[in-house]
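Quick one, structure for this:
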Amino acid sequence: MRPVAGPEDDNVVVNACESKMYKIGHDVKEREQFWIKGQPYSVKDMLAFDDLHPQFIGGTIYQAFLSALSYHRWHCPVAGVVKKAYVVPGTYYSEPLYEDFVDAESKGTNGETTSQEYLSAVATRAIMFIESDNPKIGMIALLGIGMTEVSTCEITVKEGQHVNKGAELG
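Predicted coordinates for the structure are as follows:
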């Protein structure tokens with residue numbers, strides 16, 4: 001029942017889950033601090049040193065935040081073939097030592113929001129590499145990141161499987 005934008009248009013990439021856009025980075029480096037608050041945001045670490053990570057250097061990262069109260073399923077942003085799919089075990093309720101979790105506006109804590117860059121490299125995460133049917137898009141990497149109390153990740157597709165845009169991945 002989930003609507004999919006441009007289901008027959010391979011030029012349209014859709015959001016993988018019911019989430020809110022958090023950050024976008026362009027021309028990303030292999031290992032670099034390239035966003036705010038001094039947190040490391042590394043393609044190499046995010047992709048768990050996978051041998052496919054070099055092809056994402058110079059690419060774009062789109063990161064979205066999936067609220068704990070949202071529908072917790074990932075859907076394929078493009079039509080293509082699952083080249084690799086696996087879960088990397090990681091931390092549970094971890095926080096970076098160099099980050100101040102006090103939100104000046106709310107006078108409270110919001111560590112799960114302010115540590116999203118950090119968690120992308122250390123939390124449990126499902127990593128799926130999908131070769132798009134559209135050669136202009138090429139390979140994408142989709143990460144489902146387990147945060148705080150929702151820290152498990154389950155992949156429901158298999159390597160070698162063709163998936164349509166909007167198909168459930170996990």
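
distance of the spatially closest residue to residue 12 that is not a sequence neighbour from residue 165?
The shortest distance from residue 12 to any non-neighbouring residue, by Cβ to Cβ, 6 or more residues apart in numbering, is to residue 6 (3.3 Å). No exception for glycine: its C-beta is placed from N, CA and C like everyone else's. Per Cβ to Cβ, to the nearest Å, residue 6 is found 8 Å from residue 165.

residues shared between the contacts of the two?
Common neighbours of residue 6 and residue 165 (criterion: Cβ atoms under 8 Å, 6 or more residues apart in numbering): 12, 14.

And these two? Which one has more around it.
residue 165 (23 against 12; other Cβ atoms under 10 Å).

check which helix or strand covers the most centrally placed residue in the chain.
Note on the chain: the residue nearest the mean C-alpha position is residue 143, at 3.4 Å, using Cα atoms, centre = their mean. Per DSSP states H and E, residue 143 falls inside strand 139-145.

Going by residue numbers, what spans are strands in the chain?
20-25, 61-65, 80-88, 102-103, 108-109, 125-132, 139-145, 162-163 (DSSP state E).

Need the ones you listed in TSV (columns: mean pLDDT and distance to residue 53).
Below are those laid out as TSV (pLDDT from 0 to 100; distance: least, Cβ to Cβ, whole Å):
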stretch	mean pLDDT	distance to residue 53
strand 20-25	82	15
strand 61-65	83	12
strand 80-88	96	11
strand 102-103	46	33
strand 108-109	46	33
strand 125-132	94	10
strand 139-145	91	8
strand 162-163	98	22
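
With residue 46 as the reference, name the closest of those strands.
Closest of those to residue 46 is strand 139-145, at 6.4 Å (criterion: Cβ to Cβ).

now that closest one against strand 80-88, angle please.
Using axes from the mean of the first three to the mean of the last three Cα atoms, to 10 degrees, the direction of strand 139-145 lies 40 degrees away from that of strand 80-88.
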